[in-house]
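Colleague: got a structure for you, letters missing:
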């Protein structure tokens, strides 16, 4: 009984967490790049390039900014 329940949970979780990726829309890219005043156009081009790479299935590098209190 326990084995079948674990197997069922595994199969359900495997089917729900598929390899789907969601990229940013143009509006979200513009909102993010509004903060950068000097390099606004470079930011938009860079984000659009990363979005196209993500949609093609290529890996992209995402910087991690540490949280400081």
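Modeller: Arrived safely. Just so we're clear, the structure is a prediction, and the values are computed from it rather than from any experiment.
Colleague: for the lowest-mean-pLDDT helix or strand in the chain, name the packing helices and strands.
Modeller: Sorted by mean pLDDT, DSSP states H and E, the helices and strands of the chain end with helix 2-16, the least confident at a mean of 77. If you count contacts as 3 or more Cβ pairs under 8 Å, 6 or more residues apart in numbering; DSSP states H and E, helix 2-16 packs onto no helix or strand. C-betas here are computed from N, CA, C, even on glycine.
Colleague: next helix or strand past that helix?
Modeller: Using DSSP states H and E, the helix or strand that follows helix 2-16 towards the C-terminus is helix 26-33.
Colleague: what residues does that next one touch?
Modeller: Identification of contacts with helix 26-33 by Cβ atoms under 8 Å, 6 or more residues apart in numbering yields 24, 40, 43-44, 47-48, 51.
Colleague: in the longest helix belonging to the chain, what's buried?
Modeller: The residue-count maximum for a helix in the chain (DSSP state H) belongs to helix 40-56. Using 16 or more other Cβ atoms under 10 Å as the test for burial, helix 40-56 gives 43-44, 47, 50-51, 54.
Colleague: what's the answer for stretch 52-69, then?
Modeller: residue 54.
Colleague: start to end distance for that stretch?
Modeller: 34 Å (Cα to Cα, to the nearest Å).
Colleague: quick check: mean pLDDT of that stretch?
Modeller: Averaging pLDDT along stretch 52-69 gives 80.
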